[in-house]
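Colleague: pasting the structure only:
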């Protein structure tokens, strides 16, 4: 068995003085950044993606998605091996993180009484899906590269209260591991994925004055990643959304959005 995957990023994410920060020894193939304003979250990503067989490059891919129920309004985005398939038979998909996310978030939101309950339900249900997939396609988890497989950032409002958290999926001792970490929303740029040197750019370390300025700051970060010669797989059209307590709206929409 050989493992294939749509590879977008491979960074450990850490909580450091409430900041989302990147690792220092990896390169990235996607860029996601977020700013928390008093009235909303502003979140964006680049739009470059290759098809699984690398025969086609998409420049307007959607990487930020909407999730909304009576209790929750949020945005989420994955990076890493978001689709994992059998390289010996590319039509055999072992796991598709994007496909399971909507149902997992929906069930978790129905069961959760508070934000912590929502986060834990998401974590536990994703792990259950991974275990079921590994039972169906025995051994694909153990064949995956040890360490980071995929990561998801979720940010929004639970009963009008702001929250953000990361889900980390890893292969540890030949088994799937899913961990969740809450973050304190912050009103300056927070980088979820991209390139470490770009994230440290001094010109990005400012507090935006309004939503439009936050949108510009997200664009600046992603463009700096695109311009970085070490980030050859980051590019395409940047899309940016604003998430308020009751709505998800595009500032810069991908050509086809869901």
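Modeller: All right, it came through fine. Just so you know, these numbers come straight off a predicted model, no measurement behind them.
Colleague: Which residue comes closest to residue 199 once chain neighbours are left out?
Modeller: residue 191 (4.3 Å; C-beta to C-beta, 6 or more residues apart in numbering). C-beta: built from backbone N, CA, C; applies to glycine.
Colleague: Give the partner strands of the helix or strand hosting the one you found in its sheet and their orientations.
Modeller: In this structure, residue 191 sits in strand 190-193 according to DSSP states H and E. According to DSSP bridges, strand 190-193 forms sheet pairs with strand 32-37 (antiparallel).
Colleague: Please work out which residues outside the partner strand touch it.
Modeller: For strand 32-37, the surrounding residues in contact (C-beta atoms under 8 Å, 6 or more residues apart in numbering) are 20, 41-45, 63-64, 77, 79, 153, 155, 162, 164, 185-194, 208, 210-211, 214, 217-218, 221-222.
Colleague: now swap in stretch 169-182 and tell me
Modeller: So stretch 169-182 is contacted by 13, 15, 80, 97, 115-116, 119-120, 122-124, 126-127, 130-131, 134, 141-142, 144-151, 163-168 (C-beta under 8 Å, 6+ apart).
Colleague: any idea of the mean pLDDT for that stretch?
Modeller: Averaging pLDDT along stretch 169-182 gives 94.
Colleague: Tell me which entries of the contacts of stretch 169-182 lie within strands.
Modeller: 15, 80, 147-151, 163-168 (DSSP state E).
Colleague: any low-confidence regions in the chain?
Modeller: The chain contains residues with pLDDT under 70 at 1-28, 51-55.
Colleague: Next up, the contacts around residue 167.
Modeller: 122-123, 126, 151-152, 154, 178-180.
Colleague: Run through the bridge partners of it.
Modeller: residue 152, residue 180.
Colleague: mind checking how far it is from residue 79?
Modeller: Plainly put, residue 167 is 11 Å away from residue 79 if you go by C-beta to C-beta, to the nearest Å.
Colleague: Ok, residue 244 next?
Modeller: 24 Å.
Colleague: and if you look at residue 143?
Modeller: Between residue 143 and residue 79 the computed distance is 21 Å (C-beta to C-beta).
Colleague: who's more crowded, these two?
Modeller: residue 79 (27 against 15; other C-beta atoms under 10 Å).
Colleague: which parts of stretch 246-254 are buried?
Modeller: Neighbour counts over stretch 246-254 (16 or more other C-beta atoms under 10 Å) mark 248, 251, 254 as buried.
Colleague: Likewise for stretch 104-118?
Modeller: Within stretch 104-118, judged by 16+ other C-beta under 10 Å, the buried ones are 104-105, 108-109, 112, 115, 118.
Colleague: Secondary structure and distance to residue 92 added to these, as a markdown table?
Modeller: Output for the buried residues of stretch 104-118, formatted as a markdown table (DSSP: H, G, I helix; E, B strand; the rest coil; distance: C-beta to C-beta, whole Å):
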| residue | secondary structure | distance to residue 92 |
| --- | --- | --- |
| 104 | helix | 22 |
| 105 | helix | 26 |
| 108 | helix | 28 |
| 109 | helix | 31 |
| 112 | coil | 34 |
| 115 | helix | 37 |
| 118 | helix | 33 |
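Colleague: so which of those comes closest to residue 90?
Modeller: Nearest to residue 90 among the buried residues of stretch 104-118: residue 104, at 25.0 Å, using C-beta to C-beta.
Colleague: No further questions, thank you.
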